[in-house]
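> Fold the following and give me the result.
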Amino acid sequence: MRQRLLAAIPATAVLLVALAAAGAAAAPFTDADYARHVAALKKKVPNEGFTIVIQKPFVVVGDESPAMVRRRAVRTVKWAVDRLKRDYFKKDPSEILDIWLFRDKASYRKHTREVFGDDPDTPYGYYSHRHKALIMNIATGGGTLVHEIVHPFMAANFPQCPAWFNEGMGSLYEQAGERGGHIVGLTNWRLAGLQKAIRERRVPSFKALTATTDDEFYTKDKGTNYAQARYLCYYLQEKGLLVKFYHAFVAAHEADPTGYKTLQTVLGEPDMDAFKKRWETFVLGLKFP
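Here you go, the predicted structure:
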C-alpha cells in the first residue's frame, strides 16, 4: 500500500451550508469560462510572486515557487479530486472555486487582510463563501484542504446530506492515503479525544448522532460529534462498506433523511446498541501516530 500522509487539522463548517444554499446542480464549465475566471482573478492577485494554475474543477493560486504551486495542484488537489470522483461523485461543484495556498503564517495573515479583508480566527485555513475561495496556510499541511474539497462535491452530488455525514467524510480525509488506487482515511489527531470520550461514556448512540440537526452538530459537543462521525466512516471504510453506504444513503435519503436506517441495513445490524459496543472496542484498539 502506498500512503500519502496529509497533515490533520480542523475544518470549517461553513462550506457545507454555503454551497448547499447555492444549489445542487453542478454546471459544466468550458475552457473559455476558466479563461474568463482567471482574467478576473488576476485583478485580485498581488502583482508579484503568485502563480495561477487551472486544476479543474478548481483554480489554484499560490505564492510558493511556480513549480511547488503546480506540484500541490497536481499532487494534492488533483490527487484527491480524482480519487473522490472515482468512488463517490459524478458531478463537479456548481461554481468555479479558487484555492489560495499561502506559503506560511506571515503570508497567510498578510494576504487574507489585503486580498479578502479578513482576519481569520484559524491558523490553518478556511472557506469564504463571499469570495468563493478556499484560503489556506499551506505550511500547516494539506489536511484542511482535502477536507474542504469534499464539501463542494458533496453539495453538488448530495445536497441533502446531513452535517454528521458530510463532516464525517470530510474529516476522514484530513489524513489520507491510497490503497489500490482509492483514497483512504488514516487514523488522525481526533482519535485521542474520541477514545477519552468512550472511556468516560460520553459518546452518544448512533441514532442520536444521525438525528442531530446541522446546528446541533456544529454547536453541541462539536469535537465529539466530528470524531464520532469520522471514526464511524473509518470503520465503514475498513470493513469495505463506506462506498456502499454513501451510494445507498444518496438513493434512500428521501425515505431516510438521517441515514440511520440505511446505516443499519448496510451494517446488517438490527441491534445498534450492541454494534456501538463493538465499534467502541474497535476504536479503542486504534493508534495514532
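> What segments of this protein are helices?
Along the chain, the stretches classed as helices by DSSP state H are 14-22, 31-41, 66-72, 79-87, 105-116, 143-157, 163-172, 190-199, 206-211, 214-219, 222-238, 242-252, 260-267, 272-284.
> Compare these and give me the one nearest residue 53.
When the helices of the chain are compared by CB to CB, helix 66-72 sits nearest residue 53, at 5.5 Å. The C-beta positions use only the backbone N, C-alpha and C, and glycine is treated the same way.
> what does the average pLDDT come to for the closest one?
Averaging pLDDT along helix 66-72 gives 98.
> ditto for stretch 237-249
Stretch 237-249 comes out at a mean pLDDT of 98.
> okay, it in PDB with CA atoms only?
Taking Å, rounded to 0.1, in the frame of the first residue of the first chain, the C-alpha atoms of stretch 237-249 are listed here in PDB:
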ATOM      1  CA  GLN A 237     -14.100   2.100   5.200                       C
ATOM      2  CA  GLU A 238     -12.100  -0.600   6.900                       C
ATOM      3  CA  LYS A 239     -15.000  -3.100   6.600                       C
ATOM      4  CA  GLY A 240     -15.300  -2.300   2.900                       C
ATOM      5  CA  LEU A 241     -18.700  -0.600   3.400                       C
ATOM      6  CA  LEU A 242     -18.200   3.100   3.100                       C
ATOM      7  CA  VAL A 243     -18.700   3.500  -0.700                       C
ATOM      8  CA  LYS A 244     -21.700   1.200  -0.400                       C
ATOM      9  CA  PHE A 245     -23.200   3.300   2.400                       C
ATOM     10  CA  TYR A 246     -22.600   6.600   0.500                       C
ATOM     11  CA  HIS A 247     -24.500   5.400  -2.600                       C
ATOM     12  CA  ALA A 248     -27.200   3.700  -0.600                       C
ATOM     13  CA  PHE A 249     -27.800   6.800   1.500                       C
END
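> Residue ranges in the protein under the pLDDT threshold?
For the chain, applying pLDDT under 70 flags the ranges 1-27.
> can you list the domains in it?
Here the domain parsing of the chain from automatic domain parsing is 14-157, 187-284.
> Can you lay out the ones you listed as JSON lines showing mean neighbour count?
Shown next, in JSON lines, are the domains of the chain (neighbours: other CB atoms under 10 Å):
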{"stretch": "domain 14-157", "mean neighbour count": "18"}
{"stretch": "domain 187-284", "mean neighbour count": "17"}
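> ok, back up a step: name the stretch from the helices of the chain that approaches residue 122 most closely.
helix 143-157 (8.4 Å).
> chain center to that closest one: distance?
How far helix 143-157 lies from its chain's middle: 4 Å, per CA atoms, centre = their mean, to the nearest Å.
> and the angle for that helix with helix 163-172?
For helix 143-157 against helix 163-172, the angle by axes from the mean of the first three to the mean of the last three CA atoms, to 10 degrees is 140 degrees.
> how many degrees apart are helix 143-157 and helix 242-252 in direction?
30 degrees.
> What is helix 143-157 packed up against?
helix 14-22, helix 79-87, strand 97-102, strand 125-128, strand 133-137, helix 163-172 (3 or more CB pairs under 8 Å, 6 or more residues apart in numbering; DSSP states H and E).
> export the domains of the chain to a markdown table and tack on distance to residue 180?
Formatted as a markdown table, these follow (distance: least, CB to CB, whole Å):
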| stretch | distance to residue 180 |
| --- | --- |
| domain 14-157 | 11 |
| domain 187-284 | 11 |
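> out of those domains, nearest to residue 172?
domain 187-284 (4.5 Å).
> Figure out how far the closest one is from the centre of its chain.
The answer for domain 187-284 is 16 Å, by CA atoms, centre = their mean.
> Please consider this matter closed, and thank you.
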